[in-house]
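> Structure for the following, please:
(2 chains)
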Amino acid sequence: MAQTAGSTVAEILGADPQALLDSWLQAQLSAPTARTDLITESELRQQSGEFLNLLRNAARGGSLDVQAPEWSQVRELLARVSRGRALQGFSPSETATFVLSLKQPLFARLRSGLAGDPERLMDAVWSATTLLDGLALYTTELFQQSREDVIYRQQQELLELSTPVVKLWEGVVAVPLIGTLDSARTQVVMENLLQRIVETGASMAIIDITGVPTVDTLVAQHLIKTVAAARLMGAECIISGIRPQIAQTIVHLGVELHGASTKATLADAIAMALRVTGWKVVRAEKR
Amino acid sequence: MTVSRSDVRPIRTEAEVVAARQAVRSWAVEMKFSLIDQTKLVTAASELARNALNYGGGGQMRMEILERSPRQGLRLTFEDQGPGIADVEQALRDGFTTGSGMGLGLGGSRRLVDEFEIHSAPGEGTRVTVVKWR
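Numbers count the residues shown, from 1 in each chain, chains lettered A, B, ... in the order given. So this is what the prediction gives:
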């Protein structure tokens, strides 16, 4: 074979690049997956132009293996594009379509360029399609990776903000629990609570579970352990935010919250804590 | 009695226990269960799903809406392929556990639902079926 399929593709990419870019852009903008709400036409033109340039340069090397070193610039560009799109809110298929939509204009050119030589045409189409599929898969992979990075960061942020222990009054601290209490989070809550009890010298600790949707035996066990640890530090615990449905469920489960007083609302718990610590709240004026 | 809708959820990780529980909650809300019954169902689902994960090495939960005019019920079936339970009566007794829990999950969930059925034998895994009628 005088000419490899790879160099045929490179040749087709090299002939009249401006027209190819125009027809590709046309295909991208008219596709149902076009997201003109997320990306401007000029930005898309710039990305597409840059991609075609790098693709042409890389294909000239003769190898169509996207993992080869001469394709590193193309991979870098795609990495940038797909990270950007992950953040802009594109879906994975919309991101992969960026590369896949090049097939139609490219194949049209191959067909008109190699009309008289069906065998070479088949070879060229096969290598072009393998190449673009490889690059599209690569964008999907990176897209997923950037999503996973975002999820990991959010998980870390969530863990950090999940457990603020606040000082309510002289000798009274409170911790509002929100969401699902798994073992890792309970551990963080318990450590923070005990730490604050030491720092503030609190004798009352209020654990508010208004924001905990389900109190099952595991959550109850976590609560009981936290209460027991706080008592060892010399602080009495009040568990507040026990809604009627939670109260019934706890009774049916057969769980007993030993060692802690319980209150329906945080306000009740504060009133009780103040009373126990010897404070009296009096309204200054009659309204 | 007919099944008008069904779905299967995997229970292989702690996160999937939470997801299964949320699915039960959203179905119970759609079926217009009272807040108390929603909470009971979700709590029972949480216990049984966690049992399947912790003691059965993971499994699945089947959710089915039962139609028995004029009533509607939600049936949950938890299945695992774990070691199974040798003495089911003992396992249902409050305070009995082979792990580090409180030993209230199985007996507690029986008290939270209207119908409760458990099939288990050593080496054959465990299947727990619960129904709550509205």
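> Pull the contacting residues for the nearest residue to A:Gly61 once chain neighbours are set aside.
The shortest distance from A:Gly61 to any non-neighbouring residue, by Cβ to Cβ, 6 or more residues apart in numbering or on different chains, is to A:Glu70 (4.1 Å). Every C-beta, even on glycine, is put in place using the N, C-alpha and C of the backbone. Taking Cβ atoms under 8 Å, 6 or more residues apart in numbering or on different chains as the contact definition, A:Glu70 lies against A:58, A:61, A:63.
> OK, contacts around A:His121?
In this structure residue A:121 is Leu, not His. A:110-111, A:114-115.
> got it, and A:Ser48?
The contact partners of A:Ser48, taken as Cβ under 8 Å, 6+ apart, are A:21, A:24-25, A:28.
> Filter those down to the ones in helices?
Among these, the members falling in helices (DSSP state H) are A:21, A:24-25, A:28.
> Is the residue nearest the centre of chain A within a helix or a strand, and which one?
Chain A has A:Ile151 as the residue nearest its centroid, 2.7 Å off, counting by Cα atoms, centre = their mean. Using DSSP states H and E, A:Ile151 falls within helix A:118-161.
> Also A:Pro213?
Under DSSP H and E, no helix or strand contains A:Pro213.
> Same check on B:Thr43?
Assigned by DSSP H and E, B:Thr43 belongs to helix B:35-54.
> elements contacting that helix?
helix A:217-232, helix A:244-253, strand B:2-11, helix B:14-30, strand B:59-68, strand B:71-80, helix B:105-112, strand B:126-133 (3 or more Cβ pairs under 8 Å, 6 or more residues apart in numbering or on different chains; DSSP states H and E).
> Of these, which stretch is the most buried?
Stretch with highest mean neighbour count among the helices and strands packed on helix B:35-54: helix B:105-112 (a mean of 23; mean count of other Cβ atoms under 10 Å in any protein chain shown).
> is any part of it close to chain A?
Yes: residues of helix B:105-112 contacting chain A under Cβ under 8 Å from any Cβ of the partner chain: B:105, B:107-109, B:111-112.
> need the residues of chain A near chain B, please.
Going by Cβ under 8 Å from any Cβ, the residues of chain A near chain B are A:180, A:182, A:213-218, A:220-221, A:244-246, A:248-249, A:252-255.
> quick revisit: who wins for neighbours among the contacts of A:Leu121?
Ranked by the number of neighbours (other Cβ atoms under 10 Å in any protein chain shown), the contacts of A:Leu121 place A:Leu110 first, at 21 neighbours.
> My read is that that one contacts A:Met122, right?
No: with contact defined as Cβ atoms under 8 Å, A:Leu110 does not reach A:Met122; the gap is 9.8 Å.
> hang on, the earlier thing: of the ones in helices among the contacts of A:Ser48, just say which sits nearest to B:Thr98.
Distance to B:Thr98 across the ones in helices among the contacts of A:Ser48 (Cβ to Cβ) is lowest for A:Gln28, with 60.4 Å.
> so how far is chain A from the closest residue to B:Thr2 other than its chain neighbours?
Spatial nearest neighbour of B:Thr2, excluding adjacent residues (Cβ to Cβ, 6+ apart): B:Glu67 at 5.0 Å. Computed as Cβ to the nearest Cβ, to the nearest Å, the B:Glu67 to chain A distance reads 26 Å.
> Give me the pLDDT value at B:Glu67.
B:Glu67 carries a pLDDT value of 93.
> A:Val74 now?
So, for A:Val74, pLDDT stands at 89.
> Give me the neighbour count for it.
Other residues close to A:Val74 by other Cβ under 10 Å number 23.
> in the stretch 1-150 of chain A, which segments are predicted with low confidence?
Filtered on pLDDT under 70, the stretch 1-150 of chain A yields the residue ranges A:1-3.
> In it, which residue sits closest to chain B?
Across the stretch 1-150 of chain A, the shortest distance to chain B (Cβ to the nearest Cβ) belongs to A:Glu148, at 14.4 Å.
> nearest spatial neighbour of A:Ala115, skipping sequence neighbours?
A:Leu121 (7.6 Å).
> ok, the one you found to A:Ser30 distance?
To A:Ser30, A:Leu121 is 26 Å away according to Cβ to Cβ, to the nearest Å.
> Which positions in chain B make contact with chain A?
Residues of chain B lying near chain A (Cβ under 8 Å from any Cβ): B:14, B:18, B:21, B:25, B:35-36, B:38-40, B:42-43, B:46-47, B:50, B:94, B:101-102, B:104-105, B:107-109, B:111-112.
> now with 6 Å?
B:18, B:35-36, B:39-40, B:42-43, B:46-47, B:94, B:102, B:104-105, B:108, B:111-112 (Cβ under 6 Å from any Cβ of the partner chain).
> Next up, the contacts around the residue nearest to the centre of chain A.
The contact partners of A:Ile151, taken as Cβ atoms under 6 Å, 6 or more residues apart in numbering or on different chains, number zero.
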